[in-house]
Every structure is written in C-alpha cells, then in structure tokens.
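Asker: The amino acid sequence is not available; the structure is as follows:
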C-alpha cells in the first residue's frame, strides 16, 4: 500500500478523535495540547491529584500488534484493525473498539506491548496497570466496547498520594512467558513485577539512588538524584544482557550488574559463552600477575564471585544443552549462592567531557538507549564491530550524546571495601537536533524568548525493529532519524587498519578515527509553528514489523494527527570491494580452497588466479575509474524518507475560520523554503548531469568491451584452427618416437649379446656363492629347520616364552626391594636372615635359568649378550 493510501485511510479515522476532556463542552480545546509559553507550566508541573491531559514527560500513545493499531486517548485504550480499514471507503465505515477497563481511571502516558503481544502495560504519571488484549476477531463484535481484564500493578507503591512519578515502564526480553514488567520511578527504584505470579508486590527491587543519611549535609543537585530513564544492556559473550543502565536528569549514567529476572528464560548458548568469558578473564589474570598478589587481590576475589555466579547458572541447565548443542530457552532463577546484592557502578566517566550546544545553557537528560551491533554473519567472521556497544543519551535542548562502550561492564557485588574505580565511556560526538537554533531564530522575530519551551521538551528514542543502526528520536518539536550506518562502517575500517598496521601505535588509530564519518541526522517531521509560537508535541511513534503491513513509520501528534512515511528495506550488496580486499589480505587461495570437480579424477589442483601483469603498459585500460561510482547524496535515499521534513503544525484558529492573512513571518518562511528548494533543485541538476556523464561513459566502455571481446573470440577461433594441425603433428611425432624406442631396445640387446655371450669364471663363482648364502639363510626347502630363518624363529619363540616369567620375577624383586626399603629399619635379625635366605634361593634359581638359556643358545648356535647377573671379566672390562 502506498503512502497516499495510508494517509487517506488514517486521516479521518475515528480512532484518532480527541477525548471529551479536550473537545467536549467543558474541555479546554485543542490549544491546551500544544506546547507554548502559556501552557508551559502544565508541561513542567505534575499534580498527583489531577493528572491533566497535557502531553508532558515521556509519551508513547500508540502501538501496533500484528495488523491492529492500539491508541491511548486520555484514559481510554482504543484498538482498530488496519486490515479492515483498507476496505472502508468512507469515514462512516471506519470503526474502532474501546477496551473496557474499569480499573484504569488515569490519563495514559505510556503503553508498551509485551514480547508475545498478549499483554499491554499502561502507565500514567503515577499509576501502572496491565491489560489482557482481546483475541483475534474482536472487530466482528457489534458492541463498541470489548471487555478486557485489567490488573492494577503495585498499588501500594504507585497509586498512593506520596508515590514517586513513573519515569519509564518496559518488559524484560528474557522474562518467562513475557510477563516480567519493570517499572522505574524518578526516585531511582526499579521494581520488577511478574504479572503471572503477583502484580502487587515486586519480585525484586534495584536502587539506583542511595538513601539519604539523616542529619547529614548533601551537596548534590536534585537532578543527580532523579532518574530520567533506563535501558537494558546487550551482548553475546559478556555481562551485557545482565546489565541495566540508568540515566539521571543531570546526565550521569549508572549501571547495575548482574540482574536477572526472578523467573527468566535464558538462551543456553549464552550461559556457556559467559562461562568461557569468565574463564578467559581468570586465565589472563593468572598469567599477568606472575606471583604479584598485591595488585590482583581485588580482581581475584571479583572473578571468584563471577565464577560462583556462572556455576550456579550452569547447574540450572537441563541435560542435552551442553556445548555445542542448539540453543534453546531454559527457565532460570537468579542464583542465591552470593548473599551480597549487586553493586551500583558509576557514575561513568565521560572522556572527553561532552560539549554543550551553542546558545544553550544545557538541559536535563530525558532518555537512554543501548545499541549493540553484530549479526549471524558477523558472529561467524568475528567482525570488528561485533562487540561494539553504543550508548545514546538525549537531553531537553535537543542534544544527543553518543558514547562508545569500550570497557564492558562486569558483574560486581557490594563489599565492605567498595571499589573507587569508576567505569568509563568514550564520548564520540554530540548531535544537535537543531531545536535551540530554531527557537532562537523564532525569538529573534518576536519580543519574547522561546528558549524556555525546551523545559517542556522530552525527547524519546525508538529503535527500528529491522535495522539496528537506525534510531528515531521524537520530541515536542518533531521527529528526527539517526542513521548510524556510516559511523559503524568507518569505525570498522579504522579498527581493521589499526590491526593490520603492526607497530604503528595509537597514532595511526587516532588518525583513522578522525576520518570516520559522523552520524547522519535527518528531520522527517516538524511540528513547531513560528507564527503561533507553539508546537504540537509528538506523543507516539511506531514501526510495524509485520509481513502483512508495509514497512513504514507511524507518527502521532498530541492533536491526534497521524503522519505515515514509507521506508525502504536495505539489502546487503552482492559484491563489496572492502570485503574482497580484506579477504584477499587475510587468506590465500590454495588446493583446499578450490576443490577439483568430481568429473576430473586425481588430486585437487589450485584454481588459477589472474596473471599479474608485467611491468609496462596494460593490455587494456578501462574508461571507468577504479573506484565504483557513488550515487550523489541528494538523490540517494536509502531509507526512503523524504529529503525535506513534512510539517504537522498546530491548528490555526484564524485559518479554521477562513481568515488567512499574509504576515512578515509567512513571507520569511516562504522565502526560506524557496531558497532551500532552489538549492536542492540545483544539486539535483548537478547530480543529474553527473549521472548522465557516467551513463554515457558506461555506454562507451560497453562498446569498447564488446569490440575487445569480439577480437578475443576471433583470436580464439584462429588458435582453434591452427591447434588442430598442431595436434595431428604431435600425434605423428609420438608414433615415430615409439618406433625409435623399439629399435633402440632391439639394438641394445644385440650389442649386449655380442660383447659378453657367456659368463666369466669370477661371475660364475659369485652367482654360486649367492645361491649358497641364500640356501643357508632361507633354506633348501620350505621345511628346512637348519636355515638361519627357522633357527631365528625358534629362538624368538623361546624368548617370548621366557620373557613373561622373567618380567614377573623382575616385578617381584622390585616389589621386595621396595618393601625391604620401607621396612628396613623395623626388621629384626631373624627377619633379615630369612629375607637373605630367600634372596639366595631366588639368585640360585636365576643362575640356573641363565645357564639353561646359555645352553639352548649354544645348541642353536646363537650368540647372546652377557647376562645381567654375571659380573664382567677382566678382559671384557678392559675392552670396555
């Protein structure tokens, strides 16, 4: 379905009608939903008694489940089928259902679907609830409402008058059955609720803000003790999936590791990978210390705790999940072998310190997200960015700080002597969304300053479900998309070059990092009106991940206006020059790389590579450049988003009444837009000319290659005609060679017969001596027992018969010597005399045995070496 069809379907859909508290007779009107200097106090202040419909704080009011669109309007949860909306011709045929939830009596700010899509978590400014979504086919019901089961979550903690405001809610991806809900409040308490077990009491509670000590002075700012958002870490063979990151309003980042839900489903391969990771850490520590125990005492204890934790996880694995078995989800519980609670790590050292935006005094942090890159192909090839983690933090003034997680967080527990080492994040860049510049330009045209509107701004991150390197940031002034693909490619190339250049040091890496491209920032929707000095905040963004829906992005503003942008699915190129260069540098073709086809017998032969041209001019020079042609940036739209942002401005009351007046602001805006479009048209014209030049050049190159190929084919035909004559000539030469070899053999035999027709006397004696020696060694017949071969066989049989007995005697003698050595001090005179007597008897038997062997050797005429018990003679000793 095209973009226009979606816009037409959702433009007048009743599911986006305003709530009665706004559009009703007693409502404040649509203007109360806009962010302006007049409504700014409603966006900043939160009243626990009266929660106004003002879209303040973190907002996520839409969600897409399969082909169903879920919208939170006021205290209602509406659901509509997008599939049924396709066949509806007019707005009268479009309908939606209201989920009847009597327990929900608060303004809904956030809605989050659980991983299996059966539960919907909703949160207001202070309260949290969970709704069991209806089954498929709800749209066939005649009634306008659908009864659904709703559960109030943590009423004691989130529904009281003294409750802390809710900062963020989210489902844990490893929660068993998708029923683990995490609720973060601004006081730093992260509570875990298992909806299938108990929705009132949390299963676990993590604290990111320590309790204040009574009667003590604290110089901390209030923003340093208020949590803005949290996110889960990621990773494959480290502690990333067991890490929770939290961002304070001041911008400080903390982490707690390890954290595992009370009832979790963990991939079995991850547990084995974590075991290998901890074992490698321990081996590296033992190899680096080399006996120096002083600097490694803390690490040794830490790794021992980690090993204990991993062993507790391994014991929970069922049989059949040993490495390298196929991965599967295994039910697990947090280990209880370690009594200490996980330690809060942080605040992270941000090196270097992030810069402030020009013209901005800074703002509070609003959201945090952790990104980890690496797919299955990268896992096989061990790519440079496989374990690269990125942390993005957004601020009210439109700044987005991007940090590189170069030092992975490891599991730590609280001890009596806490560690003073703080974790570190490498600051890569600070992205400016242009909010401050827009407000300053608008303020220059007015007498009052609009920079105070950033206090009501709350940017929120949303990751693309298909492309991990695409992040959407929606806020009170529109939506921006962050493309991290050029950044990641540049980092991969820089790390690869640093690894290839051995001995170059950190200077080459620093120089390579300076060439890395920055994040591509593109605005796709703007909601700020310069004329009205107000903005319609974006309250929800959703990207469907369903095969029956178009890959698009749905954006909803506070005025319940929906904007849809179609997106393009990116595909990996079939050929990559960088990958080819890396492959040629890392591997060399050999016989094992190029197997011989089955039709060709014999050993495998290496594939013939292209011949390296010798020095001199090349045989063929292409008209095209060596580097592949790059599409101009102005027409290269890989994501499918428009190059110019769309406007979704607040409703103007004068325009609604039919009175439109041209003001200086309108003329200035039109002039700016015309100038921008003119520059883009010029760039498109230049791009069109470059593409035309490239196309004509490729046509010429194609003609030249066709002519060259025809020459090659003609040469091959001529070589084939002359080759037939050469083959016949070679066959005649081979036949002549065979006849010459036969004649040469016959001539050689005749010459031998003429030179020595009979054997000489010495030759005759020599051959007779050889026959006699053969008869003596082999024997005159098959059963000649006087031959040396038969006598050797007989001797071997006798030796084989006597060797076991001798070995047994030797073992007994060694055992006796051992026993005698152990008990020599405890033996008396009588025992020693008895042992001596027995030893004499054994020596006599051995002497008789040696004499028997010597007699048999004399009979068989075989020479034997000196027995081990016989002392050497004087002559032999002198010879030796």
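Answerer: It's in. If you're wondering where the values come from, they're calculated on a predicted model, not measured in any experiment. Residues are numbered from 1 along each chain as shown.

Asker: Check the spacing between the residue of the chain positioned farthest from its centre and residue 775 real quick.
Answerer: If you look at how far each residue of the chain sits from its centre, by C-alpha atoms, centre = their mean, the farthest one is residue 761, at 89.2 Å. Remark: distance between residue 761 and residue 775 (C-beta to C-beta, to the nearest Å) = 21 Å. Every residue, glycine included, has its C-beta placed from N, CA and C.

Asker: cool, and residue 409?
Answerer: Between residue 409 and residue 775 the computed distance is 88 Å (C-beta to C-beta).

Asker: Between these two, tell me which one has more neighbours.
Answerer: Just comparing residue 409 and residue 775: by other C-beta atoms under 10 Å the higher neighbour count belongs to residue 409, 24 against 14.

Asker: Return the backbone torsion pair for the more buried one.
Answerer: The phi/psi pair for residue 409 (degrees, to the nearest 10) reads phi -70, psi 140.

Asker: Show me the helices in the stretch 501-650 of the chain, by range?
Answerer: When secondary structure is read from DSSP state H, counting those that start in this stretch, the stretch 501-650 of the chain shows helices at 506-514, 577-586.

Asker: Which of these has the lowest mean pLDDT?
Answerer: Looking at the helices of the stretch 501-650 of the chain, the lowest mean pLDDT belongs to helix 577-586 (a mean of 39).

Asker: can you tell me which helix in this structure is longest?
Answerer: Assignment by DSSP state H gives helix 664-755 as the longest helix of the chain.

Asker: Any idea how far that helix is from the middle of the chain?
Answerer: The chain centroid and the centroid of helix 664-755 are separated by 41 Å under C-alpha atoms, centre = their mean, to the nearest Å.

Asker: how near is residue 40 to residue 535?
Answerer: Separation of residue 40 from residue 535 (C-beta to C-beta) stands at 11 Å.

Asker: wait, residue 324
Answerer: Taking C-beta to C-beta, one finds residue 324 at 55 Å from residue 535.

Asker: When these two are compared, which one has more neighbours?
Answerer: It is residue 535, of residue 324 and residue 535, that has more neighbours when counted by other C-beta under 10 Å, with 29 against 7.

Asker: Count the neighbours of the nearest residue to that one once chain neighbours are set aside for me.
Answerer: Taking C-beta to C-beta, 6 or more residues apart in numbering, and ignoring the residues beside it in sequence, residue 535 has residue 528 as its nearest neighbour in space, at 4.1 Å. Residue 528 has 25 neighbours, counted by other C-beta under 10 Å.

Asker: Hmm, residue 528 is touching residue 441, no?
Answerer: No - with contacts counted by C-beta atoms under 8 Å, residue 528 stays clear of residue 441, the gap being 10.6 Å.

Asker: overlap in contacts of those two?
Answerer: Here residue 528 and residue 441 have no joint contacts, going by C-beta atoms under 8 Å, 6 or more residues apart in numbering.

Asker: In the stretch 601-750 of the chain, where is pLDDT below threshold?
Answerer: Within the stretch 601-750 of the chain, the stretches with pLDDT under 70 are 601-616, 639-640, 652-661.

Asker: can you do 50?
Answerer: Along the stretch 601-750 of the chain, the model assigns pLDDT under 50 to residues 601-610, 656-657.

Asker: got it, and the chain?
Answerer: The model of the chain has pLDDT under 50 over residues 1-4, 293-295, 375-385, 503, 573-610, 656-657, 875-880.

Asker: on that earlier part again, phi, psi of the residue farthest from the centre of the chain?
Answerer: With angles defined as degrees, to the nearest 10, residue 761 sits at phi -70, psi -40.

Asker: Look up how far residue 767 lies from it.
Answerer: 11 Å.

Asker: What's the separation between residue 841 and residue 848?
Answerer: Plainly put, residue 841 is 11 Å away from residue 848 if you go by C-beta to C-beta.

Asker: Go ahead and name everything in contact with the helix or strand hosting residue 284.
Answerer: Assigned by DSSP states H and E, residue 284 falls within helix 268-289. Outside of helix 268-289, the residues within contact range by C-beta under 8 Å, 6+ apart are 236-239, 241, 295-296, 299-300, 303, 306-307, 310, 313-314, 317, 321-323, 325, 327-330.

Asker: returning to that earlier point: what's the overlap in contacts for residue 40 and residue 535?
Answerer: Listed as contacting both residue 40 and residue 535 by C-beta under 8 Å, 6+ apart are residue 453.

Asker: So residue 465 is in contact with residue 543, correct?
Answerer: Yes - at 5.7 Å, residue 465 and residue 543 qualify as touching, with contact defined as C-beta under 8 Å.
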